[in-house]
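A.B. asks: here you go, sequence then predicted model.
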Amino acid sequence: MADWQEGGFGLYIHWPFCEAKCPYCDFNSHVAAKIDHAAWRKAYLSELTRAAEETKGRTLQSIFFGGGTPSLMAPETTASILEAVRTLWPTANDCEITLEANPSSVEAGRFRAFRDAGVTRISMGIQALNNDDLRRLGRLHTVEEARKAYDIARTCFDRTSFDLIYARQDQTLEDWRAELTEALTWGGDHLSLYQLTIEPGTAFGARHKAGGLKGLPTEDLSADLYVLTQELTDKAGLPAYEISNHSADLAQSRHNLIYWRGGDYVGIGPGAHGRLTLNGQRFATETLLAPQKWLEAVADAGTGETSRAPITEEEQAEEYLMMSLRLSEGSDLARFERLMSHPVPQTKIEALIDLGLIEQNGTHIKATRAGRPVLNGLLRELLT
C-alpha cells in the first residue's frame, strides 16, 4: 500500500474572492468589484479534468471549497464542479463536501442551492461573539447576523462548524469564558478555535510592527485562555481532536484529517497547494497566486500549476510527524520509520514521557495535554 493511502485522498478548491480583506488574514484572498463566474467555472472544470487524468481510479473521500469566501461563488458553479467531480473520480458513499461561508454572504435560498448542488457540510467564519471585536477584526457581520446565518445553515445541512478567534485585544479570561460558553449553546457539532496570531504581510502585522496593536495578551494569559478552552469544550462533549479543532464523536473534519494523516490531495485554484504521489514519488504542488493570472494560465497553457517539487521520503516522514502529532490520536512510529529508514531514538521518547509531554502505546505516540502547547519543542526534540 502506498503511504498516501494511510491518510486518504481529497480535493481542495480555492475560491479567492472576499467582500473585504480582514486585517489578520494571510490567506490568498482578494476583493473584486466584478467576477466573471462563467470564466471561473470553465477554468475549474479544465483543471479538474487535468488532475483526474493523473489520479485515475482513486476514491475521493472529501471535497473542500476554501477561500476567500466560497459562499460568494455562484451556486451554479458549485453544482457544475460537483457534477464534473462525480464523473471524473469514484467518490466514497460518505464523501464529505464542505463549503466555507461568511455570515454576511448567507441567505436561506442561497444555502438551499448549495445543498442541492451537493454540499454536505458548512464551515462558517464567525470569529467573535462580540460586536466591537467583530469590527476590530474587520468582519462585516454582527453577532445577531451570525446567529441567524448559522441557524439557517443548521436547517439546510446535517453537519455544521464555525470558527472563533480568541486571545484578542483586551480580551479577559472571563470574557472568553462567557463567549465560548455561549458558542457551545449554538448546537454545532464542530468548532475551530484559534488563538489570534499576528502574521507578517497583514494589516495587523504592519500595525503591530509600528507599535499600534495594543492590548494583546501576555504569554501567561494566552496559556490560561488555551487551558480554559480545553476545559469548556471537554465538558460540552466537544473535545479537541486536533490542536485548534474540537468536535463531537464522528463529527471531525474528514478533509482536514487527510492533511493531518499525511494523505494526498489535489489543490485547484489560485494559491492552492497540493500533495500528490505519482509513480511512487510524492510531490508538493503550487499554483499561481494572482486570480487573473491563474485564470489566464489555465485558458492559455492548460494549467494553473506553477511548481511540482519532489518530496524526499525523509521530508515526507518529518511532515507526517509534524502533522499527525497535532491530532489527539497521535503518530504511528512504524509508519515514520518506513519513510525515514531509521526510528526515533527510544531514549528521546522516554525522556519526553518522563516529562509528561507525550504518551506511548506500542508503536503510537501522542502529545499529552501538557505537551500540546509546546508541540514545536517536542518536534525539535524528536527530529534532531
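C.D. replies: Perfect, I can see it now. Numbers count the residues shown, from 1 in each chain.
A.B. asks: measure Lys21 to Thr172 for me?
C.D. replies: Counting by C-beta to C-beta, to the nearest Å, the gap from Lys21 to Thr172 is 28 Å. Placement of C-beta: from N, CA and C, glycine included.
A.B. asks: pretty sure Lys366 is in a helix, no?
C.D. replies: No. Under DSSP: H, G, I helix; E, B strand; the rest coil, Lys366 sits outside any helix and is assigned strand.
A.B. asks: which residue is the nearest non-sequential neighbour of it?
C.D. replies: The shortest distance from Lys366 to any non-neighbouring residue, by C-beta to C-beta, 6 or more residues apart in numbering, is to Gly330 (2.7 Å).
A.B. asks: lowest average confidence, helix or strand, in the protein?
C.D. replies: Of all helical and strand segments in the chain, the minimum by mean pLDDT, DSSP states H and E falls on helix 203-209, at a mean of 77.
A.B. asks: can you list contacts of it?
C.D. replies: Lys21, Pro23, Tyr24, Asp26, Gly138, Ile198, Glu199, Leu213, Leu216 (C-beta atoms under 8 Å, 6 or more residues apart in numbering).
A.B. asks: go with 6 Å
C.D. replies: Pro23, Tyr24, Ile198, Glu199, Leu213 (C-beta atoms under 6 Å, 6 or more residues apart in numbering).
A.B. asks: quick check: Ala39 vs Ala299, distance?
C.D. replies: For Ala39, the distance to Ala299 equals 8 Å [C-beta to C-beta].
A.B. asks: next: Met1.
C.D. replies: From Met1 over to Ala299 (counting by C-beta to C-beta), the distance is 38 Å.
A.B. asks: higher neighbour count, these two?
C.D. replies: Ala299 (13 against 5; other C-beta atoms under 10 Å).
A.B. asks: now the more buried one: closest residue in space that isn't a chain neighbour?
C.D. replies: Of all residues not flanking Ala299 in the chain, Ala43 sits nearest, at 6.8 Å (C-beta to C-beta, 6+ apart).
A.B. asks: mind listing the helices for the stretch 101-250 of the chain?
C.D. replies: Using DSSP state H, counting those that start in this stretch, the helices of the stretch 101-250 of the chain run over 108-117, 131-136, 143-156, 173-183, 203-209, 219-235.
A.B. asks: going by mean pLDDT, which of those helices comes out lowest?
C.D. replies: Of all the helices of the stretch 101-250 of the chain, mean pLDDT reaches its minimum on helix 203-209 (a mean of 77).
A.B. asks: Lys21: neighbouring residues, count only.
C.D. replies: 14.
A.B. asks: now do the nearest residue to His30 once chain neighbours are set aside against Arg275, distance only.
C.D. replies: In space, His30 comes closest to Pro16 once its chain neighbours are excluded; the distance is 5.3 Å by C-beta to C-beta, 6+ apart. For Pro16, the distance to Arg275 equals 20 Å [C-beta to C-beta].
A.B. asks: what about the two, which has more around it?
C.D. replies: More neighbours surround Pro16 than the other of Pro16 and Arg275, with 27 against 22 (other C-beta under 10 Å).
A.B. asks: partner strands of the lengthiest strand in the chain, with direction?
C.D. replies: Criterion DSSP state E: the longest strand present in the chain is strand 91-101. Using DSSP bridges, the strands paired with strand 91-101 in its sheet are strand 60-67 (parallel), strand 121-127 (parallel).
A.B. asks: His246 is nearest to which of those?
C.D. replies: His246 sits nearest to strand 121-127 of all these, at 13.1 Å, using C-beta to C-beta.
A.B. asks: list of residues touching that closest one?
C.D. replies: With contacts defined as C-beta under 6 Å, 6+ apart, strand 121-127 is touched by 96, 98-102, 137, 139, 146, 150, 153, 157, 159-163, 165.
A.B. asks: picking up where we left off before, ok now the least confident helix or strand of the chain, how far from the chain's centre?
C.D. replies: Between the centre of helix 203-209 and the centre of its chain there are 24 Å (C-alpha atoms, centre = their mean, to the nearest Å).
A.B. asks: number the chain from 96, please
C.D. replies: Renumbered: residue one is now 96, and that last one reads helix 298-304.
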